[in-house]
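S.K.: Here is my input; please provide its structure:
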Amino acid sequence: MKLSICFMLISIASYGLSYWLPSLVKEFGVGYTANGFLNAIPYLLATFALIFLVPAVRKGDRPLYAMLAASVIGMVCFLSSVFLHNNVYRFALLSLGGPCIYVLLPCLWVLPSRFLKDAKAAVGIATITSVGGFGAFLGQNLVAWVRHLSGSADLPMLIPAGACFLLFFMIFNMIYSEKITRIFMFDEKSKESI
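M.R.: Next up, the predicted model:
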């Protein structure tokens, strides 16, 4: 269930950003062509991150720690973009925060095979995907709802920031609970050997 919630939060952040970024960049006062080129930058950076960073973090506990780091960096970037008033800095932060979301996805999909085997894996992956689909629905609608209520073009970026914040705590809980389990398993093995 934790992985399902993580995927839902990643979907909320991803769809919130992808649906709102063009509108936010338009508020900078750029034309349609420039808007299109500027919106390609976070995805280009995400491509490089996926090619060069993700293969290095696939083994052991690295996916969880990579997810922890990406969620913190994404949260800080999206939150800072709301409160800065310089458009260059805001866009730079959004361009750094966007790839963080896309680094989270392959790290997440490494994890189900570690916890689930055989038929349970199929059911688990289907559950994760279904809950994630609900996150996609929430992400695109929450951003529009925040824009409607606030009247601000900046505040919708609180949705991806909030999703990254919650994701940080989910991942931290998973790391912490896994370490506790290892400690107890080690204690049980040492008792058996005595």
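
S.K.: Correct me if wrong: residue 104 contacts residue 71.
M.R.: Yes: at 6.9 Å, residue 104 and residue 71 qualify as touching, with contact defined as C-beta atoms under 8 Å. For the C-beta atoms, the positions are set from N, CA and C on the backbone; glycine is no exception.

S.K.: shared neighbours of the two, anything?
M.R.: Here residue 104 and residue 71 have residue 167 as joint contacts, going by C-beta atoms under 8 Å, 6 or more residues apart in numbering.

S.K.: neighbouring contacts of stretch 111-128?
M.R.: 1, 3, 4, 7, 63, 64.

S.K.: again, only this time at 10 Å
M.R.: With contacts defined as C-beta atoms under 10 Å, 6 or more residues apart in numbering, stretch 111-128 is touched by 1-8, 63-64, 67, 108-109, 174.

S.K.: Residue 76 contacts residue 160, correct?
M.R.: No: between residue 76 and residue 160 there is no contact under C-beta atoms under 10 Å: 11.5 Å.

S.K.: what about those two, which has more around it?
M.R.: Neighbour tally, residue 76 and residue 160, criterion other C-beta atoms under 10 Å: the higher count belongs to residue 160, 34 against 17.

S.K.: For that one, which non-adjacent residue is closest in space?
M.R.: Sequence neighbours aside, residue 13 is the residue nearest to residue 160 in space, at 4.0 Å (criterion: C-beta to C-beta, 6 or more residues apart in numbering).

S.K.: Flag every buried residue along the strand or helix carrying that neighbour.
M.R.: Per DSSP states H and E, residue 13 falls inside helix 2-26. Within helix 2-26, the residues scored as buried using 16 or more other C-beta atoms under 10 Å are 3-21, 24-26.

S.K.: and the helix or strand harbouring residue 105, which residues are buried?
M.R.: Assigned by DSSP H and E, residue 105 belongs to helix 87-110. In terms of neighbour count (16+ other C-beta under 10 Å), helix 87-110 has its buried residues at 90-108, 110.

S.K.: packing partners for it?
M.R.: In terms of contacts (3 or more C-beta pairs under 10 Å, 6 or more residues apart in numbering; DSSP states H and E), helix 87-110 is packed against helix 2-26, helix 32-52, helix 62-83, helix 118-150, helix 158-193.

S.K.: any idea how far it is from the chain center?
M.R.: Chain-centre distance of helix 87-110: 8 Å, with C-alpha atoms, centre = their mean, to the nearest Å.

S.K.: All good on my end, thank you.
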